[in-house]
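Participant: Following is a predicted model, sequence given first.
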Protein chains: 2
Amino acid sequence: MRKIAAKALILQTKLLFSEEMLSKSQLHFLRSLHLKKFRKEHQLFIAEGIKSITEFIRSSYAIETIYYTPPFAVQIEKLSPKINKSLIDETDLQKISALKTPQGILATIKMPISEVPDMTLLQNKFSIVLDNIQDPGNMGTIIRTADWFGIHQIICSNDTVEAYNPKVVQATMGSLAHVAVYYLDLDRWLPEADMPQYAAMLGGRSIYDTPFGTSGLLIMGNEGHGVRAQLLTKDVQHVTIPKFGEAESLNVAQATAIFCSEIKRNTRNF
Amino acid sequence: MRKIAAKALILQTKLLFSEEMLSKSQLHFLRSLHLKKFRKEHQLFIAEGIKSITEFIRSSYAIETIYYTPPFAVQIEKLSPKINKSLIDETDLQKISALKTPQGILATIKMPISEVPDMTLLQNKFSIVLDNIQDPGNMGTIIRTADWFGIHQIICSNDTVEAYNPKVVQATMGSLAHVAVYYLDLDRWLPEADMPQYAAMLGGRSIYDTPFGTSGLLIMGNEGHGVRAQLLTKDVQHVTIPKFGEAESLNVAQATAIFCSEIKRNTRNF
């Protein structure tokens, strides 16, 4: 029954709207956005899937174009005429998708411009600082977790994996639309940031005995090496998730989740 | 310099030990262990990488054979003569590896026999119950996190992804050697398990206000659907990680990490 309904819908949309064929140069351009170099050049990135794209539409991000296949036609054609929309076939969508299993809809979105966070934005709240996070899955999960805990700013070292990498965007499950991600020279920025700073690392004070206040920066380090020593200036508090078993380490995204929870556990009492 | 040293080591080991060529049937057999069906048939699974294999050697798991390339020769030949060892070349290793980037060493390991946990093992501590976890990366991360927090038993529904799947083994980073994983019919087992039970789900009591005691079962549900209603018998406490932001959900491995931390935070005071 569902198959028949879907087929009827496709037929109906074919009558109502006509699919465009993407030109070779369009295909080439859209595929180039899978690479950081071209995302930077064009200041555009790709988001896929209706859930994620809907979150970006609702946010302050500017959508450039939505490329959608017939099953999404009714839903997409309802959107504001200000948004460019292009009905394409499944074959073209597969060509431009960065996913193993394309989700029938893809949007190009303008990258936000701000490269350094306005310090007033960081006042009276917690933000996350990432030093050289490499794995796109970890990065995406950290953004999603930050969003769950209402943390809206993530400040990254320039060598942290790019938040607009399609794998990261995918792993955020739409949360990138709610969290601002900045890239800058942490070695210069962090010592100047006049806020309480907490670095997640071995050998520090137990996270359970650390009185996190209502504002500060939580610094999480690289998957293999942790937070770089240069960032650990004298005012940075070293905080540890105690180990009760034998694992050599905790994954950085897991550790971030535990820190976010612990920080919120503290601040909800204020 | 490191390259030269590595080359010298390879030459040296070539003189000391001779590489075996794996036969077609050996290659076929080892590759078959990438699949659940054949792992079950042969009661063997694969672990890769020196760190992970070292953890299994130290544990109560029985190693069947270690297949290693020349860079590992000195280290492996030191091991007990009771362990079968086979020096193979890089090409054969690549053929039997389940990884995109093989790590030069692979072991076949006997699956443990116990299918139902001895209830006395679960007394006076916390264990994790997984209901239909599907993603191998999540499963591996949950096992690694359990190990960090000293949780040594994970009881899974029969439809949860197999812990001996090469992707899971890899994601545990050696922690599978420290954590026992059981598969059984949760619908029958869980109501009979006479211990406090806590199910992670939306709309329950805040995790921050839940007095976890010193023992119990933490029930985590499927990535999309959560814990099945059938498992939520009247004595199961519903516990929630409060949401402070906008994300639709928290990844199950992140949620498990937060629960484990919160449980340990509680029990360390007893």
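Facilitator: Sure thing, it's come through. Residues are numbered from 1 along each chain as shown, chains lettered A, B, ... in the order given.
Participant: Show me where chain A has its helices.
Facilitator: Secondary structure of chain A by DSSP state H: the helices cover A:2-16, A:24-32, A:36-42, A:50-58, A:73-77, A:90-96, A:119-122, A:136-148, A:166-171, A:186-192, A:252-267.
Participant: average pLDDT for the fifth one?
Facilitator: Which is helix A:73-77. The average pLDDT within helix A:73-77 is 93.
Participant: And it, what's buried?
Facilitator: A:73, A:76 (16 or more other C-beta atoms under 10 Å in any protein chain shown). In short, each C-beta sits where N, CA and C put it, glycine included.
Participant: which helices and strands does that helix pack with?
Facilitator: Contacts of helix A:73-77 with other secondary structure elements, assessed using 3 or more C-beta pairs under 8 Å, 6 or more residues apart in numbering or on different chains; DSSP states H and E, are made with helix A:2-16, strand A:84-87.
Participant: least reliable of the ones you listed going by mean pLDDT?
Facilitator: Of all those, helix A:2-16 has the smallest average pLDDT, which comes to a mean of 58.
Participant: For chain A, list the residues in contact with chain B, please.
Facilitator: When proximity is defined by C-beta under 8 Å from any C-beta of the partner chain, chain A lies next to chain B at A:51, A:137, A:141, A:144-152, A:173-175, A:178, A:207-208, A:241-251, A:253-255, A:257-258, A:261-262, A:264-265, A:268.
Participant: Sort out which of these are buried, if you could.
Facilitator: Members of the residues of chain A next to chain B that pass the buried threshold by neighbour count (16+ other C-beta under 10 Å) are listed as A:137, A:141, A:144-152, A:173-175, A:178, A:207-208, A:241, A:243-247, A:250-251, A:253-255, A:257-258, A:261-262, A:264-265.
Participant: Please identify the most buried of the helices of chain A.
Facilitator: helix A:136-148 (a mean of 26; mean count of other C-beta atoms under 10 Å in any protein chain shown).
Participant: who touches that helix?
Facilitator: A:128, A:130, A:133, A:152, A:154, A:160-161, A:163, A:165, A:167-173, A:175-176, A:178-179, A:181, A:220, A:223, A:251-253, A:256-257, A:260, B:137, B:241, B:243-247, B:249-251, B:254 (C-beta atoms under 8 Å, 6 or more residues apart in numbering or on different chains).
Participant: Relative to the whole chain's centre, how far out is that helix?
Facilitator: The chain centre lies 6 Å from the centre of helix A:136-148; the measure is C-alpha atoms, centre = their mean, to the nearest Å.
Participant: in chain A, which residue is closest to the centre?
Facilitator: Most central in chain A under C-alpha atoms, centre = their mean is residue A:176, positioned 3.6 Å from the mean C-alpha point.
Participant: so it makes contact with residue A:169?
Facilitator: Yes - under the criterion of C-beta atoms under 8 Å, residue A:176 lies in contact with residue A:169, with a separation of 5.7 Å.
Participant: For those two, list the residues in contact with both.
Facilitator: In terms of C-beta under 8 Å, 6+ apart, residue A:176 and residue A:169 are both contacted by the residues A:47, A:52, A:140, A:163.
Participant: Which residue lies closest in space to the second one, excluding its sequence neighbours?
Facilitator: Spelled out, that is residue A:52. Of all residues beyond its chain neighbours, the one nearest residue A:52 is residue A:174 (4.4 Å), with distances taken as C-beta to C-beta, 6 or more residues apart in numbering or on different chains.
Participant: For that neighbour, give me its contacts.
Facilitator: Contact partners of residue A:174, counting by C-beta under 8 Å, 6+ apart, are A:51, A:52, A:54, A:55, A:56, B:247, B:248.
Participant: Run through the residues that contact the third one.
Facilitator: With contacts defined as C-beta under 8 Å, 6+ apart, the neighbours of residue A:54 are residue A:174.
Participant: Tell me which residue of the stretch 1-150 of chain A lies closest to chain B.
Facilitator: As assessed by C-beta to the nearest C-beta, chain B sits closest to residue A:150 within the stretch 1-150 of chain A, at 3.4 Å.
Participant: For residue A:37, see how far away that residue is.
Facilitator: 34 Å (C-beta to C-beta, to the nearest Å).
Participant: Repeat that for residue A:108.
Facilitator: Separation of residue A:108 from residue A:37 (C-beta to C-beta) stands at 16 Å.
Participant: Show me what the nearest residue to residue A:18 once chain neighbours are set aside is bridged to.
Facilitator: Nearest non-adjacent residue to residue A:18, counting by C-beta to C-beta, 6+ apart: residue A:87, 7.1 Å away. Counting by DSSP bridges, residue A:87 is bridged to residue A:68.
Participant: can you tell me the distance between the two ends of stretch A:42-62?
Facilitator: Chord length of stretch A:42-62, first to last residue, is 14 Å (C-alpha to C-alpha, to the nearest Å).
Participant: and that stretch, what's its mean pLDDT?
Facilitator: If you average the pLDDT over stretch A:42-62, you get 96.
Participant: do the same with stretch A:102-109
Facilitator: When the per-residue pLDDT values of stretch A:102-109 are averaged, the result is 97.
Participant: ditto for stretch A:88-96
Facilitator: Per-region confidence: stretch A:88-96 scores 96 on mean pLDDT.
Participant: could you dump it to PDB, C-alpha only?
Facilitator: What follows is stretch A:88-96 as a C-alpha-only set of coordinates in PDB (Å, rounded to 0.1, in the frame of the first residue of the first chain):
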ATOM      1  CA  ILE A  88      16.000  16.700  -9.500                       C
ATOM      2  CA  ASP A  89      15.900  13.000 -10.100                       C
ATOM      3  CA  GLU A  90      17.300  10.300  -7.800                       C
ATOM      4  CA  THR A  91      20.300   9.700 -10.100                       C
ATOM      5  CA  ASP A  92      21.400  13.300  -9.900                       C
ATOM      6  CA  LEU A  93      20.900  13.400  -6.200                       C
ATOM      7  CA  GLN A  94      23.100  10.300  -5.700                       C
ATOM      8  CA  LYS A  95      25.800  12.100  -7.800                       C
ATOM      9  CA  ILE A  96      25.800  15.100  -5.500                       C
END
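Participant: Report the distance from that stretch to the chain centre.
Facilitator: Its chain's C-alpha centre lies 24 Å from the corresponding centre of stretch A:88-96 when counted by C-alpha atoms, centre = their mean.
Participant: before we move on, what about stretch A:143-152?
Facilitator: Using C-alpha atoms, centre = their mean, the offset of stretch A:143-152 from its chain centre is 10 Å.
Participant: next one: stretch A:260-270
Facilitator: The mean C-alpha position of stretch A:260-270 is separated from the chain mean by 23 Å, C-alpha atoms, centre = their mean.
Participant: Looking at chain A, which strand is longest?
Facilitator: Longest strand in chain A by number of residues (criterion: DSSP state E): strand A:197-206.
Participant: my read: residue A:264 touches residue A:149, true?
Facilitator: Yes - under the criterion of C-beta under 8 Å, residue A:264 makes contact with residue A:149 at 5.3 Å.
Participant: any residues in contact with both of the two?
Facilitator: Common neighbours of residue A:264 and residue A:149, counting by C-beta under 8 Å, 6+ apart, are residue B:244.
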